[in-house]
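A.B. asks: Predicted coordinates and the sequence they were generated for:
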Amino acid sequence: VQLKESGEGSVQTGGSLRLACEVIGRTFGTWAVGWFRQSPGKAREFVAAISWNGGGTHYSDSLMGRATISKDILKNTAYLQIDSLKPEDTAAYYCAAALNPGTGRRATEYAWWGQGTQVTVAS
């Protein structure tokens with residue numbers, strides 16, 4: 001399984017970003033795709049996760065309802081949208097895939113990771 005991220009690089013405060021994560025490879029079984037982010041000097045932070053087989057989603061409370069995760073099964077792609085962007089949303093964003101996940105909130109649940117895409121929110 002390979003994950004390929006794409007999406008905005010530099011955005012303005014108050015704007016929105018939409019990142020895409022294409023899942024390349026076979027996805028049999030119970031899967032989840034999650035998004036994490038990491039700023040310099042900080043630990044990797046959970047953002048959102050979505051069940052690939054069902055419709056369940058989980059979100060980090062820290063984004064206070066600004067994040068939306070979705071998927072397009074036909075395109076094998078998951079999406080992350082964050083609205084009302086703030087400078088503190090600046091980070092490298094990573095998508096990840098987990099087989100037989102638990103809550104999907106922990107990075108250790110995910111065996112496959114994308115290369116990451118940098119998002120910079122200009123103030």
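C.D. replies: The structure has been received and is ready for your questions. Numbering: from 1, shown residues only.

A.B. asks: Tell me the confidence at the residue nearest to Trp52 when sequence neighbours are not counted?
C.D. replies: Residue nearest to Trp52 in three dimensions, not counting chain neighbours: Trp31, with 3.8 Å by CB to CB, 6 or more residues apart in numbering. Every C-beta, even on glycine, is put in place using the N, C-alpha and C of the backbone. Note on Trp31: pLDDT of 90.

A.B. asks: where's Trp31 relative to Ala67, distance?
C.D. replies: According to CB to CB, to the nearest Å, Trp31 stands 20 Å off from Ala67.

A.B. asks: where does this structure have low pLDDT?
C.D. replies: Applying pLDDT under 70 to the chain picks out residues 27-28.

A.B. asks: Pull up the pairing partners for the strand or helix carrying Ser70, direction included.
C.D. replies: Per DSSP states H and E: Ser70 is located in strand 67-72. Strand 67-72 has these partner strands in its sheet, going by DSSP bridges: strand 77-82 (antiparallel).

A.B. asks: So which bits of the partner strand are buried?
C.D. replies: Across strand 77-82, burial judged by 16 or more other CB atoms under 10 Å covers Thr77, Ala78, Tyr79, Leu80, Ile82.

A.B. asks: do stretch 42-52 as well
C.D. replies: Residues of stretch 42-52 classed as buried: Phe46, Val47, Ala48, Ala49, Ile50, Ser51, Trp52 (neighbour count, 16+ other CB under 10 Å).
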